[in-house]
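Q: Here you go, sequence then predicted model.
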Amino acid sequence: MKSKFIKSTIILLIGGFISKILGMVIKVVLTRVVSTEGIGLYMLVLPTFNLFITLCSLGLPTAISKMVSEKRTNNKKIVLSIIKPIIIYNIILIIILYAISPILSKYLLNNNDTYYPLIAIGLTLPFICISGIIKGYFFGKEKMIPHTLSNITEQLVRLFLTIFYIPKLLVYGLNIAITGVVLINILSELSSIIILMFFLPKNEIITKDDFKRDKAIEKDVLNISIPTTGSRLIGSFVYFLEPIILTYTLVKSGYSNSFITNEYGIINGYVFPLLLMPSFFTMAISNALLPTVSNAYSHGHYKYTRSKIKQAIFFCLLIGIPITIILTLVPEIPLKLIYNTSEGLEYIKIVAPFFILHYIQSPLTSAMQAMGKATSAMVGTLCGSLLRTLILIVTGFLKIGLWGLIIATISNFIFVTIHHIYYVNKYLKEKNNIKFSH
């Protein structure tokens with residue numbers, strides 16, 4: 001188990017690093033093609049995109065990963081029996097999105113140019129969902145190479161289309177180009193699914209019966225996925241509300257729509273992506289940690305569970321601290337090198353030291369989900385999100401511009417991280433009187 005965790009982590013780190021580099025290249029290319037105005041428009045749509053990604057996936061990748069790792073039942077049945085109901089569910093989501101898009105674009109986001117990108121989101125959802133389900137299966141089996149190769153292929157397809165496809169759409173307008181950016185996800189996710197299919201067991205014979213509903217499996221999957229989805233849904237919903245709240249409060253405070261769009265684009269297009277650079281590292285560790293902790297915890301190996309969680313946090317800090325120091329002291333160097341801009345420097349200097357808390361949130365959340373305590377993680381996320389939203393509303397009327405978003409984000413990091421550390425410690429102590437400290 002120990003060597004498998006380390007091996008899985010290393011594979012995911014290498015793959016995550018390559019994917020992150022490709023992602024940064026895509027970001028740079030996109031920024032230079034559509035300009036800050038285009039990035040600002042995309043960032044207005046992105047919270048809705050993330051919300052519907054969370055809704056369409058329904059926490060299934062995590063649930064399937066956990067069930068497969070615990071060897072509860074036939075793995076093929078776990079994956080295939082859920083496909084039919086989840087596709088029907090995704091079709092319903094698409095209809096809902098189409099119905100609310102006119103209201104979202106005109107009245108909530110206050111930007112008619114967001115309408116077509118919002119519509120395009122619906123077409124991507126089934127592909128994202130199916131890809132996530134298959135990846136969850138491989139995570140549960142602790143086979144990380146398929147996931148790694150599919151992610152790299154996904155990014156390469158996205159990069160190719162961004163370079164050769166988006167500039168041609170610009171002649172039809174910026175909103176059409178951003179619609180194209182959203183639609184690229186269909187082909188990138190499809191390429192990921194194709195790669196994953198090559199790694200599925202060759203000796204398995206799939207029949208129609210495998211796709212039939214199994215209420216027992218559905219119940220087990222939903223018992224795990226719903227609390228997991230709750231945590232992600234809360235975060236995505238708050239992120240969805242973010243541009244709506246900011247636009248409303250800042251316009252009421254006298255700021256122009258162009259100022260809000262530009263500054264919001266800087267923060268979400270340059271500042272946060274730069275600060276999230278180590279996320280490929282923390283996500284790799286978290287993804288490797290979930291099946292390892294789930295298997296160990298379900299079999300009563302609590303000391304091993306404790307050691308793996310501490311090891312995961314140590315690795316996250318090992319990369320997070322040096323990057324935090326660089327981004328706090330000399331943010332202009334990576335900002336200029338990666339995005340060829342100096343916009344957002346002051347934001348980075350203030351928020352960078354607090355991002356160290358965000359880096360360790362991911363493994364803590366994975367640990368709680370693996371121990372069957374996803375509901376507790378959801379409660380922590382809910383309280384942190386309510387705090388963030390409240391601060392966002394209050395600061396929006398204080399005439400401090402987008403600094404309210406920075407203050408709200410920092411407050412959320414502090415609260416949720418402290419909450420997760422406390423409850424991971426509590427659950428481990430309850431099981432075997434194990435003291436967990438960070």
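A: Thanks, I have the structure now.
Q: got any ranges where the stretch 301-438 of the chain has weak pLDDT?
A: 431-438 (pLDDT under 70).
Q: Do a quick rundown of the helices in it.
A: For the stretch 301-438 of the chain, the helices defined by DSSP state H, counting those that start in this stretch occupy 302-329, 332-339, 345-351, 355-370, 374-396, 403-432.
Q: Would you mark the buried spots in the third one?
A: Spelled out, that is helix 345-351. 347-348, 351 (16 or more other CB atoms under 10 Å). C-beta coordinates here come from the backbone N, C-alpha and C atoms, glycine included.
Q: hmm, back to that, looking at the helices of the stretch 301-438 of the chain, which is closest to residue 89?
A: Comparison of the helices of the stretch 301-438 of the chain against residue 89 by CB to CB identifies helix 374-396 as nearest, at 19.7 Å.
Q: so how far is the closest one from its chain's centroid?
A: Relative to the mean C-alpha coordinate of its chain, helix 374-396 is positioned 17 Å out (CA atoms, centre = their mean, to the nearest Å).
Q: Can you tell me how far residue 15 is from residue 8?
A: 11 Å (CB to CB, to the nearest Å).
Q: quick one: the residue nearest the centre of the chain from residue 272, how far?
A: With distances taken as CA atoms, centre = their mean, residue 50 lies nearest the centre of the chain, 7.6 Å away. Distance, residue 50 to residue 272, using CB to CB: 13 Å.
Q: Grab the nearest non-local neighbour of the residue nearest to the centre of the chain.
A: residue 236 (4.9 Å; CB to CB, 6 or more residues apart in numbering).
Q: number of nearby residues for the one you found?
A: Residue 236: 21 surrounding residues under other CB atoms under 10 Å.
Q: Work out for me the element it sits within.
A: helix 215-252 (DSSP states H and E).
Q: And the next helix or strand after that helix, what does it pack against?
A: Next along the chain after helix 215-252, taking DSSP H and E as the criterion, comes helix 257-266. Counting contacts by 3 or more CB pairs under 8 Å, 6 or more residues apart in numbering; DSSP states H and E, helix 257-266 packs against helix 2-57, helix 215-252.
Q: Please repeat the previous calculation with a cut-off of 10 Å.
A: When contacts are defined as 3 or more CB pairs under 10 Å, 6 or more residues apart in numbering; DSSP states H and E, helix 257-266 packs onto helix 2-57, helix 215-252, helix 345-351, helix 403-432.
Q: Return the set of buried residues in that helix.
A: For helix 257-266, burial by neighbour count (16+ other CB under 10 Å) applies to 260-266.
Q: got the angle for it vs helix 2-57?
A: Angle, helix 257-266 to helix 2-57, by axes from the mean of the first three to the mean of the last three CA atoms, to 10 degrees: 160 degrees.
Q: quick one: helix 257-266 to chain centroid distance?
A: With CA atoms, centre = their mean, you get 23 Å for helix 257-266.
Q: Keeping just the C-alphas, turn it into CSV.
A: Only the C-alpha atoms of helix 257-266 are listed here, as CSV (Å, rounded to 0.1, in the frame of the first residue of the first chain):
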residue,chain,number,x,y,z
ASN,A,257,-19.4,47.8,-15.8
SER,A,258,-16.2,48.1,-17.9
PHE,A,259,-14.1,48.7,-14.7
ILE,A,260,-15.7,45.7,-12.9
THR,A,261,-15.2,43.4,-16.0
ASN,A,262,-11.6,44.5,-16.4
GLU,A,263,-10.6,44.1,-12.7
TYR,A,264,-12.5,40.9,-12.4
GLY,A,265,-10.7,39.6,-15.4
ILE,A,266,-7.3,40.6,-14.0
